[in-house]
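Trainee: Predicted model, plus sequence, below.
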Amino acid sequence: MLAAYLVGAVLVWLFRAYLFGLDTYGMFSPILEAVINLLLPLYAVGGLLAVLVLLGTPWGGKAAKEGLQKVGLVNHAGEAPALIAKRQDTDNPRLTVWEFDPCGIPMGEWEDKRARIETALNITIAKMTWAEGRKIIRVYSAPAESDFPALLPWKDKYLSPDNFVLVLGESLTGPVSVNLANIPHILLGGSTGSGKSVLLKLLLMQALRKGAEVYIADFKGGVDFPKVWRQKCHMCFREDTLLYVLGQLVAVLEARKGWLEEAGCKDLDAFNEATGEGLPRLVFACDEVAELLDRTGRSKEDRDKLNQIEGRLATLARLGRAFGIHLILATQRPDTNIIPGQIRNNMDFRVCGRAESVLSGIILNNTSAAEQIPKDARGRFITGDGTVFQAYLFDQERL
Ligand SMILES: Nc1ncnc2c1ncn2[C@@H]1O[C@H](COP(=O)(O)OP(=O)(O)OP(=O)(O)O)[C@@H](O)[C@H]1O
């Protein structure tokens, strides 16, 4: 439309004598011609400026700003974020990327108002990230009607060929995975029935298939782990056994430390490559770690034992990465001080299922994150970076 406007202006200017009948105004003709000569270029320049302004404002920018204003995503001055650009995602054509100038609104507030932003923009948000050194907020969206399947059965072809990548499920942006070689420990949270035990086992199954040795603490006598698990994993059914096993893992850590130092290798993979040793990764898992570490009503002797268990877990959490020793801990209890900071702070990959705000705050440092998971969703989780995904459901009898 603007191009037609500009072409029209040029044509009018070229044929001005004919169009305005300049010759017919006698002595006023030169004045009229001068006025037209001045006005038409001004008209063209005005059009050009309009083009430039429109090019700088993406399609729908005004509506997006108004929508966000209406749902209350505003800064102290009452200003809503400005849309800078909107495009199709190059990696995943199903997604649209919205780039906003956040106008000083912190990411936490975007997360808190996620559902309202979805309504305002009529989209389903797949994830939100900072870009360009926190100058821009990128919102990755799918069409509003997009949803996760209620069930995503596990298929063996999903097993990652990469060392030591474990896959968890699928988000709207694609598969969600974690590489234990880079992020060594995983903390899973979720209220009862959220699907965290199934997710924990999904991760352990992949670790086993990749050649890791798996250690499981389970004080319910193994009822949660069918026979096939007990055959393939080292099970700890009692606190004494657990203390002993954790002691062994710390001893392995110390031994590996010496070997790596001697060989001048920075981590387990480098050591295995340099020496051809093939030392396995060791994974320790506990489905209810808050329960395990709870001292309430326990005798002095038991509390001493739990202190030692906690100390050994903390050592593994702090030093395990380089030596290929990993923790995967799950909890459903929203007790802030039961998982000690020195363990929790070293668990960098955090995932939370359906949960109350306190548990969501403990796992993800964001009390409203887990609200994005519908109450009836099973196996639906959100990661620390705000990615929602549906976990693969696998048959735990077929380990
Ligand atoms: N990924 C999934 N997809 C679909 N359904 C799932 C998924 N994971 C779990 N479920 C369903 O949810 C039920 C509860 O799962 P799970 O036992 O893992 O929950 P939980 O959070 O560990 O609860 P609890 O702590 O009480 O054991 C399962 O029996 C299964 O029917």
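Mentor: Done, it's in. The structure displayed is predicted, hence computed values, not measured ones. Numbers count the residues shown, from 1 in each chain.

Trainee: so what pLDDT did the residue nearest to A115 when sequence neighbours are not counted get?
Mentor: The shortest distance from A115 to any non-neighbouring residue, by C-beta to C-beta, 6 or more residues apart in numbering, is to Q372 (7.2 Å). (Glycine included, C-beta is placed from N, CA and C.) We have a pLDDT of 74 for Q372.

Trainee: I figured F284 hits A317, correct?
Mentor: No - using C-beta atoms under 8 Å as the test, F284 is too far from A317 to be in contact (9.9 Å).

Trainee: Now for those two: what residues contact both?
Mentor: Common contacts of F284 and A317, defined by C-beta atoms under 8 Å, 6 or more residues apart in numbering, comprise L327.

Trainee: Run through the residues that contact the residue of the chain found nearest the ligand.
Mentor: Nearest residue of the chain to the ligand (C-beta to the nearest ligand atom) works out as G379 at 2.2 Å. By C-beta under 8 Å, 6+ apart, G379 lies in contact with L151, L152, G169, S194, G195, V198, L199, G353, Q390, A391, Y392, L393.

Trainee: Over to A207?
Mentor: A207 neighbours (C-beta under 8 Å, 6+ apart): F164, L166, L180, V214, R281, V283, H326.

Trainee: in this protein, which spans are strands?
Mentor: Secondary structure of the chain, counting by DSSP state E: strands at 82-88, 96-101, 123-131, 136-143, 165-171, 174-179, 186-189, 213-217, 234-236, 282-286, 325-331, 349-352, 380-383, 388-391.

Trainee: want to throw those strands into a markdown table with mean neighbour count and mean pLDDT?
Mentor: Output for those, formatted as a markdown table (neighbours: other C-beta atoms under 10 Å; pLDDT from 0 to 100):
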| stretch | mean neighbour count | mean pLDDT |
| --- | --- | --- |
| strand 82-88 | 16 | 94 |
| strand 96-101 | 20 | 95 |
| strand 123-131 | 18 | 89 |
| strand 136-143 | 20 | 91 |
| strand 165-171 | 21 | 96 |
| strand 174-179 | 16 | 94 |
| strand 186-189 | 26 | 93 |
| strand 213-217 | 22 | 97 |
| strand 234-236 | 19 | 95 |
| strand 282-286 | 25 | 97 |
| strand 325-331 | 25 | 95 |
| strand 349-352 | 24 | 92 |
| strand 380-383 | 24 | 92 |
| strand 388-391 | 24 | 93 |
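
Trainee: now those strands as TSV including distance to N75?
Mentor: Output for the strands of the chain, formatted as TSV (distance: least, C-beta to C-beta, whole Å):
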stretch	distance to N75
strand 82-88	11
strand 96-101	11
strand 123-131	16
strand 136-143	13
strand 165-171	29
strand 174-179	32
strand 186-189	32
strand 213-217	48
strand 234-236	52
strand 282-286	44
strand 325-331	36
strand 349-352	28
strand 380-383	26
strand 388-391	26
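
Trainee: neighbours around the residue nearest to A115, how many?
Mentor: As a burial measure, Q372 scores 19 neighbours (other C-beta atoms under 10 Å).

Trainee: ditto for Q396
Mentor: Using other C-beta under 10 Å: Q396 sits among 17 other residues.

Trainee: now it: how far from S197?
Mentor: According to C-beta to C-beta, to the nearest Å, Q396 stands 9 Å off from S197.

Trainee: same thing with F15?
Mentor: In this view, F15 and S197 are 80 Å apart by C-beta to C-beta.

Trainee: repeat for L208
Mentor: L208 is 16 Å from S197, by C-beta to C-beta.

Trainee: the more surrounded of these two?
Mentor: Neighbour count, other C-beta under 10 Å: between L208 and S197, S197 has more, with 19 against 16.

Trainee: Report the spatially closest residue to the more buried one, excluding sequence-adjacent ones.
Mentor: Nearest non-adjacent residue to S197, counting by C-beta to C-beta, 6+ apart: D287, 5.6 Å away.

Trainee: Give the full set of residues in contact with that neighbour.
Mentor: K196, S197, L200, I216, D218, D224, A330.

Trainee: that older thread, mind checking which of the contacts of G379 are buried?
Mentor: Among those, those classed as buried by 16 or more other C-beta atoms under 10 Å are L152, G169, S194, G195, V198, L199, G353, Q390, A391, Y392, L393.

Trainee: As a check, name the ranges of all helices in this protein.
Mentor: 2-14, 16-20, 29-56, 61-70, 107-112, 114-121, 196-209, 227-232, 239-263, 268-275, 289-293, 300-319, 341-344, 357-364 (DSSP state H).

Trainee: Get me the contact residues on the stretch 51-200 of the chain for the ligand.
Mentor: Applying C-beta under 6 Å from any ligand atom, we find that the stretch 51-200 of the chain lies next to the ligand at L151, G190, T192, G193, S194, G195, K196, S197, V198.
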